[in-house]
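Asker: pasting the sequence and the predicted coordinates here, then a few questions.
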Amino acid sequence: MDILLMGPPGAGKGTQGAILAERLGLPKFATGDLLRDAVKRGTPLGLQAKSVMEAGHLVSDDIILGVVREELGRAQARRGVVFDGVVRTIPQAEGVAKILADLGRKMDAVLFFDVTDDAILDRLEKRRQIDGRADDDPAAVKVRLKAYREQTAPVLAWYEQRGGVIHIPAVGTVEDIADRVREALKRR
Ligand code: AMP
């Protein structure tokens, strides 16, 4: 089963993605994590992505589709993947659909984590104090939210037209939200 998690920065995709992946016994794949790791290790991919990421902009569609293709070629990914924040533009949605189709698969479910702007700012500020991520500083957060609204939010309509999107109210405790995810996937 292939499941895509979408939502603004700070919506809790990473936390819920880890819980869901563990429950379903599937790998979780987050392009953000993969890119941060590449930056840390100073690989060619990391060198390309570093300044773009730190400023809060989106990395190019070609780079993202390259890493998605690579991830889906791994043996661990053959039964499905929990995609955490992997699709952020319409060309990425189209490209990922094509890569999955070539494998005889499709995105089986798209979950959107719905959260208010105030909650996002609050969560990202807390995360900045704990993790010290460069792109959680207020200037970069502003750019990330703009990129989200302009480039990622329209992707929801793309999926709405092709099988639908499950909206999860992402407020409450981690357990409450995980329960909502489980129930929503059962009902589909
Ligand atoms: P995240 O950890 O999901 O918040 O991602 C951190 C940063 O990585 C983003 O602000 C982007 O610069 C980059 N990134 C992660 N996933 C993508 C993607 N699918 N498309 C473009 N950029 C991405």
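Answerer: Yes, it's here. The model shown is predicted, which means the values in this text are computed figures rather than measured ones.
Asker: which residue does the chain bring closest to the ligand?
Answerer: Residue of the chain nearest the ligand, by C-beta to the nearest ligand atom: residue 32 (2.1 Å). From N, CA and C alone the C-beta is placed, and that goes for glycine too.
Asker: just the pLDDT for that residue.
Answerer: Here, the pLDDT recorded for residue 32 equals 96.
Asker: do the strand or helix carrying residue 110 and the ligand come into contact?
Answerer: Assigned by DSSP states H and E, residue 110 belongs to strand 109-114. No - Strand 109-114 does not reach the ligand (C-beta under 6 Å from any ligand atom); its nearest approach is 12.1 Å.
Asker: contacting residues around stretch 169-188?
Answerer: Contact with stretch 169-188 is made by 3, 7, 11-12, 15-16, 19-20, 23, 109, 111, 113-116, 119, 166, 168, as judged by C-beta atoms under 8 Å, 6 or more residues apart in numbering.
Asker: which positions within that stretch qualify as buried?
Answerer: Buried residues in stretch 169-188, counted by 16 or more other C-beta atoms under 10 Å: 170, 177, 178, 180, 181, 185.
Asker: number of residues surrounding residue 155?
Answerer: When neighbours are defined as other C-beta atoms under 10 Å, residue 155 has 23 of them.
Asker: now the one 4 residues further on
Answerer: Neighbours of residue 159 under the rule other C-beta under 10 Å: 20.
Asker: correct me, but it touches residue 110?
Answerer: Yes - taking C-beta atoms under 8 Å as the definition, residue 159 is a contact partner of residue 110 at 4.5 Å.
Asker: what's the strand or helix carrying residue 124 packed up against?
Answerer: Assigned by DSSP H and E, residue 124 belongs to helix 117-131. Secondary-structure packing of helix 117-131 (3 or more C-beta pairs under 8 Å, 6 or more residues apart in numbering; DSSP states H and E): helix 138-147.
Asker: same thing but at 6 Å, please
Answerer: Packed against helix 117-131, as judged by 3 or more C-beta pairs under 6 Å, 6 or more residues apart in numbering; DSSP states H and E, are no other helices or strands.
Asker: in it, which residues are buried?
Answerer: Residues 120, 121, 123, 124, 128 are the ones in helix 117-131 that count as buried (16+ other C-beta under 10 Å).
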